[in-house]
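Enquirer: sequence first, predicted coordinates after that:
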Number of protein chains: 2
Amino acid sequence: MESNKRVSIIDVAKKAGVSIATVSRVINQNGGYSKETEERVRKTIEECGFTPNVNAIGLRTNRSNSIGVIVPDITNEFFARIIRELDTFLLSRRYSLLVCNSNEDYMLENMHIKGLAEKHVDGIIYISGQNEIKEISEIKNLPIVYIDRAPKNAEVLILSDNEMGGYLAGRELIAKGCTKILFLRDIRYASTIRSRKEGFIRALGENGISFSEELEMSCFPEYEETRGVMERLLREKGCFFDGIFTTNDMMALACINVLMENRIKVPDQVRVVGFDNISLSQFASPQITTIAQDTKELALHAGETILKMIEGKEIRKKKTIIPVRLIARGTT
Amino acid sequence: MESNKRVSIIDVAKKAGVSIATVSRVINQNGGYSKETEERVRKTIEECGFTPNVNAIGLRTNRSNSIGVIVPDITNEFFARIIRELDTFLLSRRYSLLVCNSNEDYMLENMHIKGLAEKHVDGIIYISGQNEIKEISEIKNLPIVYIDRAPKNAEVLILSDNEMGGYLAGRELIAKGCTKILFLRDIRYASTIRSRKEGFIRALGENGISFSEELEMSCFPEYEETRGVMERLLREKGCFFDGIFTTNDMMALACINVLMENRIKVPDQVRVVGFDNISLSQFASPQITTIAQDTKELALHAGETILKMIEGKEIRKKKTIIPVRLIARGTT
DNA sequence: GTGAAAGCGCTAACAC
DNA sequence: GTGTTAGCGCTTTCAC
């Protein structure tokens, strides 16, 4: 309220009649001061409205109390949810989030990484979604936690139980009477997608249903692309299946829309299960049965892990698997 | 690659055989050096992989080269898109984005604001979405740009041309033959919503159609809530209208789904226009006609404006209106 | 239990 | 056109 200059630790020290060292000790709770001194200093800090200058702290300690998070597309609800959870968790631990949207663009990503290095972030959370992700050599000894995908030599990885997701999807479809189930997957065929397929086939096997090549289709996992694939399939082969398991909800929605436009009833004639439980799956009509990834748990684990790494603690689990669950709705 | 210590400006100076001042001059392009010196210094910087320490710069210049952005819910695609644009724009200007998700929670928001102040952000972009937003007194002389909503005494505000949006929606519906158009609005009735209504009524007026009380409905602008309102309306009054203008796309989708479940054809019997052009509106079947807010332009203006304010330039326009446009699709 | 002082990496004023 | 140096606000070692 006084001048336009920030109040510094020196002002506090003067006003409290102690040295700046003592003020610093109190702030950092490093001990080595009397109860009375502490109280006086705290009161003064309060009165002055003192807030420490993070640049000075960062310069001195080489830490910034901020964490960079790299994400391919913040506009994708799945990623946005993770960021939201990270944000509130890290706020509670007095860290800030530097959000970097890579747009799946190599150049942008490099610039962001450089920016994060310059900003002296204490760690990086790397939410990939990409199939192949590159080694980050620009950043030397920085702790990095990967979510969902990771390069070969990654230290720490957190991901959903994709195998179980595939299994639950398969089991749900079978339980509802499906016997010829289409598996429509992301054409990029990342390890996460392979796991989903494995789980799916496990469910089939348990029920004596065999899986054949002609039941597997792939495409770029967007709405229009998926529509194209489904339309062609229906045109060329007709509706020879009674169930579909897609590797995301957008693909499921595209299938459902194409089916309905062709007067094929969902779920009466064909049942559909998606993946991710994005909000869209509730707003479709009928609502889409899907496998929910636990974004909150994913984010919390990532946050806790990166903080541990920053504090120099050893991480026991290199790879953490977060459970998924089936959300049965109108399409099965 | 050498030791684990960061290379500083001193290392560069030594290696290039100049003083640190000269290195600093080259980095900041402040002039006062020869072509040859510049070249030598640049080469050395490159070789060492030197990146300036932003904490030191911040401490010295009292700037952090980072901007805080407060957003009610990053999970909302409209906000996410703005953040994405801001992110790439600011990256190009060597600024980072500190993203704060307020979750529409007063406590969280306060903590975030305190955090931003401590982090010494150079400015704040405040994307509200809220009806009433509070004065930010915690932050003294910090430049703030508001998007969409702002408190009374706000300096700078950027928002969409909501009046035109309402007008375009009304005109589209009328052009397609509608004469009894329902106006279904967000119950919070913010100024942005009022503008949309004004534009809508202007379109009606131009075509000699009068607007009556019974054609205006309101509800909390979410999917389930809107469904409830539509279901009740249909049950109690039947389908007495031939068009609907909703103040967002989610509400439009809810209406369309309820109508179709009641065997009312869209767009044959009832035409619908939404607002925002979220991606969902393309994935619905039929695709939803809507008013697109130009998130890119919104973000760019906000970014440019905040940078100008940070540089101390005078802002001529206190309030910038960004054009909207009609996207005609399957529901009209 | 407390204080003095060095120094983190940089910018900018000043000197030449 | 270039170098020297003070000092930004803080932590931390070393005295006492």
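Expert: Arrived safely.
Enquirer: next, count neighbours for residue A:134.
Expert: Other residues near residue A:134 number 12, with proximity taken as other Cβ atoms under 10 Å in any protein chain shown. Quick note: C-beta positions are derived from backbone N, CA and C, even for glycine.
Enquirer: chain B versus that one, what's the distance?
Expert: Distance of residue A:134 to chain B, given as Cβ to the nearest Cβ, to the nearest Å: 17 Å.
Enquirer: residue A:163 too?
Expert: When distances are taken as Cβ to the nearest Cβ, residue A:163 and chain B turn out to be 27 Å apart.
Enquirer: swap in residue A:112?
Expert: The separation that residue A:112 has from chain B, given Cβ to the nearest Cβ, amounts to 6 Å.
Enquirer: one more: residue A:257?
Expert: 4 Å.
Enquirer: who touches whatever residue of the stretch 201-332 of chain A ends up closest to DNA strand C in this structure?
Expert: Across the stretch 201-332 of chain A, the shortest distance to DNA strand C (Cβ to the nearest atom of the strand) belongs to residue A:310, at 18.7 Å. Residue A:310 makes contact with A:63, A:122, A:123, A:143, according to Cβ atoms under 8 Å, 6 or more residues apart in numbering or on different chains.
Enquirer: show me where chain A has its helices.
Expert: Counting by DSSP state H, residue ranges of the helices within chain A are A:9-16, A:20-28, A:35-48, A:54-61, A:77-92, A:106-118, A:162-175, A:191-206, A:223-237, A:249-261, A:280-283, A:295-310.
Enquirer: just flag the most distant two among the contacts of residue A:310.
Expert: Longest distance between any two of the contacts of residue A:310 is 11.7 Å, between A:63 and A:143; criterion Cβ to Cβ.
Enquirer: more neighbours, those two?
Expert: Neighbour totals were compared for residue A:63 and residue A:143, and residue A:143 leads with 22 against 15 (other Cβ under 10 Å).
Enquirer: not counting sequence-adjacent ones, nearest residue to that one?
Expert: Once its chain neighbours are removed from consideration, residue A:143 has its nearest residue in residue A:309; the separation is 3.5 Å (Cβ to Cβ, 6 or more residues apart in numbering or on different chains).
Enquirer: what number of residues lie near residue A:305?
Expert: A count of neighbours around residue A:305, defined by other Cβ under 10 Å, yields 22.
Enquirer: give me the nearest residue to it, chain neighbours excluded.
Expert: Computed as Cβ to Cβ, 6+ apart, the closest residue to residue A:305 that is not its neighbour in sequence is residue A:145, at 5.1 Å.
Enquirer: for residue A:299, same thing?
Expert: With Cβ to Cβ, 6+ apart as the measure, residue A:85 is the residue that lies nearest to residue A:299, at 3.4 Å, once sequence neighbours are left out.
Enquirer: next, work out how far apart residue A:91 and DNA strand C are.
Expert: Computed as Cβ to the nearest atom of the strand, to the nearest Å, the residue A:91 to DNA strand C distance reads 26 Å.
Enquirer: let me redo that: residue A:183
Expert: Noted for residue A:183: a distance of 53 Å to DNA strand C, by Cβ to the nearest atom of the strand.
Enquirer: got phi/psi on the residue in the stretch 151-300 of chain A positioned nearest to DNA strand C?
Expert: Here the residue of the stretch 151-300 of chain A nearest DNA strand C is residue A:155; by Cβ to the nearest atom of the strand that distance is 25.1 Å. Note on residue A:155: its backbone torsions stand at phi -80, psi -50 [degrees, to the nearest 10].
Enquirer: so it touches residue A:315, yeah?
Expert: Yes. With the criterion set as Cβ atoms under 8 Å, residue A:155 and residue A:315 qualify as a contacting pair; they are 7.5 Å apart.
Enquirer: low-confidence ranges, chain A, go.
Expert: Low-confidence regions of chain A, defined by pLDDT under 70, span residues A:1-5, A:131-132, A:137-140.
Enquirer: which positions in it make contact with DNA strand C?
Expert: With Cβ under 7 Å from any atom of the strand as the criterion, chain A comes near DNA strand C at residues A:17-22, A:25, A:32-34, A:36-37, A:56, A:59-60.
Enquirer: now which of the residues you listed would you call buried?
Expert: Neighbour counting with 16 or more other Cβ atoms under 10 Å in any protein chain shown marks A:18, A:22, A:25, A:33, A:37, A:56, A:59 as buried within those.
Enquirer: quick one: the first one and DNA strand D, what's the gap?
Expert: Looking back up the chat, that one is residue A:18. Residue A:18 is 11 Å from DNA strand D, where distance means Cβ to the nearest atom of the strand.
Enquirer: repeat that for residue A:219.
Expert: Separation of residue A:219 from DNA strand D (Cβ to the nearest atom of the strand): 54 Å.
Enquirer: repeat that for residue A:328.
Expert: For residue A:328, the distance to DNA strand D (Cβ to the nearest atom of the strand) stands at 53 Å.
Enquirer: which residues sit in contact with that residue?
Expert: By Cβ under 8 Å, 6+ apart, the neighbours of residue A:328 are A:172, A:289.
Enquirer: if we go to 6 Å?
Expert: For residue A:328, the set of contacting residues under the criterion of Cβ atoms under 6 Å, 6 or more residues apart in numbering or on different chains consists of residue A:289.
Enquirer: before we move on, what about residue A:218?
Expert: Residues in contact with residue A:218, defined by Cβ under 6 Å, 6+ apart, are A:185, A:187.
Enquirer: okay, and the beta partners of it?
Expert: Beta-bridge partners for residue A:218, by DSSP bridges, are residue A:185.
Enquirer: who in the stretch 1-150 of chain A is up against chain B?
Expert: Along the stretch 1-150 of chain A, the residues adjacent to chain B under the rule Cβ under 6 Å from any Cβ of the partner chain are A:51, A:54-56, A:58-59, A:74-75, A:80-81, A:83-84, A:87, A:91, A:96-99, A:101, A:111, A:115, A:117-120, A:141.
Enquirer: which part of the stretch 101-250 of chain A gets nearest to DNA strand D, residue-wise?
Expert: residue A:120 (13.1 Å).
Enquirer: can you report how many residues neighbour that residue?
Expert: Summarising burial for residue A:120: neighbours were counted as other Cβ under 10 Å, giving 22.
Enquirer: now residue A:49, nearest residue through space, not along the chain?
Expert: In this structure, residue A:49 finds its nearest non-sequential neighbour in residue A:7, 6.6 Å apart by Cβ to Cβ, 6+ apart.
Enquirer: surely the one you found meets residue A:47?
Expert: No. In this structure, residue A:7 sits apart from residue A:47 without contact. The criterion is Cβ atoms under 6 Å, and the distance is 9.7 Å.
Enquirer: these two: which is more packed in?
Expert: Under the neighbour definition other Cβ under 10 Å, residue A:7 and residue A:47 were set side by side, and residue A:7 has more, 17 against 12.
Enquirer: roughly how far apart are the residue of the stretch 201-332 of chain A closest to DNA strand C and residue A:14?
Expert: Using Cβ to Cβ, to the nearest Å, we find residue A:310 at a distance of 34 Å from residue A:14.
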